[in-house]
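*Asks:* return a 3D structure for these sequence lines:
(chains A and B)
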Amino acid sequence: MPEALKSVLPSLSRVRLWVQIVMLFVTVWGASVVGHYSAEKISDALPALSCAYDMQNGSYCVLIPLQHQMHHRVGEALVKAQDVTLKILLPLAMTMLTFLAFFFVLGKAFCGWVCPLGTLQEIIQRVGRRFGLPLHRISGDKLGRVRPVKWLVVLALVLVFPLLTGLGVTPHEFGNPYCDVCPSRIATTLLSGNTNEFALNMESAWGFAIGALGNTLFGFVAVGALAIRQPFCRICPMLALNAAFRHLSLARLVKKPHDKCEKCGICAKACPMDITEIHTEHGRKAYHDDCTLCGRCAEFCPDDDVIQVKLGPFALFRSSRDYYKKRMAAEMPDGTVKPVRIVRKPTTGAQS
Amino acid sequence: MTLKVHVLLAGLLIVGGAQAQHQGHSPDVAQGESTAVRPKAAARATGAPWSSLPMLSASFGGGRGAAALRLSGIDADKVTVFAPGGASERLVVDYAATDGRASIQASAPMMGNYHWAQAREQRDGVVRVASTVWYFSNPGDAPTALLDRRKGELEIVPQPLPREHAQYRESEKCRFLVRWQGQPLAGQALTLETEHGSRAMAFTDDAGIAALVFPRDFGARKVEAGGHGGRERAGFVLSTAYNDGNQTYLTAFNHVYVPEAERSRSLTWGAAFGIVGMVIAAPLLRRKENDDA
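*Replies:* Okay, the predicted model is just below:
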């Protein structure tokens, strides 16, 4: 690799950061590149929280059509009970297929490499680490309580409430409740200079209440990300959707058993999602529901070839002792940045 | 000088159109005059169109993959629909207009997105064209090529159309291209008339583009509930006129616009709850002996 490229991309994390920055541009302001209309976007269903309320983005979030189809098509068509195949199954299948088409290629890597909200939380977390703020890991019983929430969110807010609204059971305000509480909607629209989504809907009590909950969540994530790594990712429905099919994706995490693993555990400390299974398990169990394929566990694994990030049969990155040493020289596994040392370059021929 | 002629021509055609309609439908004369004062209120009370300009407005009926349009200010026997894509034989389709109404369809069951609808009347040396767009909610080709395609002699072309989850809004500036024989028309007057009675005018620049700010003319109270989620909306119509020797052309483009978001949203309350969330998270920033959250 040329030296110039090495200095720009010295580690997997730096490569990922550049990918995240490019994707942040695409998902928040990308319309200037890919086109204005929704149909011109990178995808009708890019499985990232690329918000449809952001009028300058270059892609589209799968959760919007999913909620709308549950609301306007499945729910309303069940009431009418007609044209089932054409009006219900086909559009729903199209949404899921476009989502799955992306998923089968990169899968959970979308969470760790593409999602704009994930990128923003990481940037905030870096600020926290840089200023020496405390880092709170979620572990033990708390981790056990947090993990199922993402499944409840996808079930209740993405599927059930929109369906009940389409059936006429719940008010119209529950038509796309996930979008109404999604911090990415607020973050990405604010980044595009639009404050409408941050402002609360005053037209109905339900609209106000759901919006208030969403803004409170946004405020919590904005500050909480300074001290907790990826706070929203842990309950994100996109993480759940990706998790459901993660073993079918070409991109995946692979961990082999190794004698030293039991006493080490650096990989778990490096994991931004506090996944302890990457330390205690191997094989399929090590590639956990909550993994975002960021690759930090592989970067901070001190042994050769124990952890790999793979795309199909190809290893995109594999752990190595040499890489680990270089990585540790700049950053601790928990993300704490080592202070920059300023050393005067010795002048040629200087006398000591 | 040319500008003045165009403005005068547009004014005469609009007034003339109104008179022609009044003469043709005598019971509506008084109603039509009253719309000049409070167009929307009168139109709602009587069912009369709120403008004398040629328009294609949404009507009841339709459904997914189909739409019902009501013709007003124009005497046409068909509505021509231009599709954004699909089979070549379905790119341009004529639908019969009966009793001032026409039912149009998407070019294919799964071809959604914007379709362009247009009606034309040629009489007494005047060509009157009503045009609008209809968004069919299935996925479909982007309307970029559809807007580029020439669909008549004198055209008003949105630059661009609102995206799927966007709409024309009060107080927002929007750009429209005026084309004559497919070429940009510079120095052309473009008038805007809204369902609430506001009027504005702009002239096209060298690229044929006119920028108009939608007037802030929704009342403090809701004047109409309807459409998606009961959201308030009102119609607007843009028009322009051009004289080509012995033939005069009047083209209109109508659609709907919605109130500006600030009318129904509060940034103060939004910020307040955002701060509440930050305050809840603030204890996390205090250092603890045990770093487990």
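*Asks:* helix, strand or coil for the residue of chain B found nearest chain A?
*Replies:* Residue of chain B nearest chain A, by CB to the nearest CB: residue B:277 (2.4 Å). The way it works is simple: take the backbone N, C-alpha and C, and place the C-beta from them, glycine included. Secondary structure, DSSP: H, G, I helix; E, B strand; the rest coil: residue B:277 is helix.
*Asks:* try the one 4 residues further on
*Replies:* Classification of residue B:281 by three-state DSSP places it in helix.
*Asks:* wait, it touches residue A:218, no?
*Replies:* No. Taking contacts as CB atoms under 8 Å, residue B:281 lies outside contact range of residue A:218: 10.6 Å.
*Asks:* neighbour count: the two, which is higher?
*Replies:* Using other CB atoms under 10 Å in any protein chain shown, the more surrounded residue of residue B:281 and residue A:218 is residue A:218, with 26 against 21.
*Asks:* buried set for the helix or strand that contains that one?
*Replies:* Using DSSP states H and E, residue A:218 maps to helix A:205-224. By neighbour count on 16 or more other CB atoms under 10 Å in any protein chain shown, the buried set for helix A:205-224 is A:206-208, A:210-212, A:214-224.
*Asks:* after it, which helix or strand is next?
*Replies:* Helix A:205-224 is succeeded, C-terminally, by helix A:237-244 (DSSP H and E).
*Asks:* so what does the next helix or strand along the chain from that next one touch, helix or strand wise?
*Replies:* In the C-terminal direction, the helix or strand that comes right after helix A:237-244 (DSSP H and E) is strand A:251-255. Here strand A:251-255 touches helix A:296-299, strand A:307-311, going by 3 or more CB pairs under 8 Å, 6 or more residues apart in numbering or on different chains; DSSP states H and E.
*Asks:* for strand A:251-255, which strands pair with it and how are they oriented?
*Replies:* strand A:307-311 (antiparallel) (DSSP bridges).
*Asks:* tell me how far residue A:15 lies from chain B.
*Replies:* To chain B, residue A:15 is 29 Å away according to CB to the nearest CB, to the nearest Å.
*Asks:* host element of that residue?
*Replies:* Going by DSSP H and E, residue A:15 is in helix A:12-29.
*Asks:* also residue A:144?
*Replies:* With DSSP H and E as the test, residue A:144 turns up in helix A:140-146.
*Asks:* ok, and the closest non-adjacent residue to the closest residue to chain B within chain A?
*Replies:* Taking CB to the nearest CB as the measure, the point where chain A comes nearest chain B is residue A:219, at 2.4 Å. Leaving aside its chain neighbours, residue A:219 sits nearest to residue B:277 (2.4 Å; criterion: CB to CB, 6 or more residues apart in numbering or on different chains).
*Asks:* surely that neighbour is in contact with residue A:214?
*Replies:* No. Assessed by CB under 8 Å, residue B:277 is found out of contact with residue A:214, at 9.4 Å.
*Asks:* number of nearby residues for residue B:142?
*Replies:* So residue B:142, with other CB under 10 Å, has 21 neighbours.
*Asks:* ok, residue A:344 next?
*Replies:* 6.
*Asks:* now for it: which residues touch it?
*Replies:* Residues near residue A:344 by CB atoms under 8 Å, 6 or more residues apart in numbering or on different chains: none.
*Asks:* so it: helix, strand or coil?
*Replies:* Residue A:344 - assigned by three-state DSSP - is coil.
*Asks:* so what secondary structure elements neighbour the one helix or strand residue A:120 maps to?
*Replies:* Element membership of residue A:120, judged by DSSP H and E, is helix A:116-130. Applying 3+ CB pairs under 8 Å, 6+ apart, one finds that helix A:116-130 contacts helix A:12-29, helix A:183-191.
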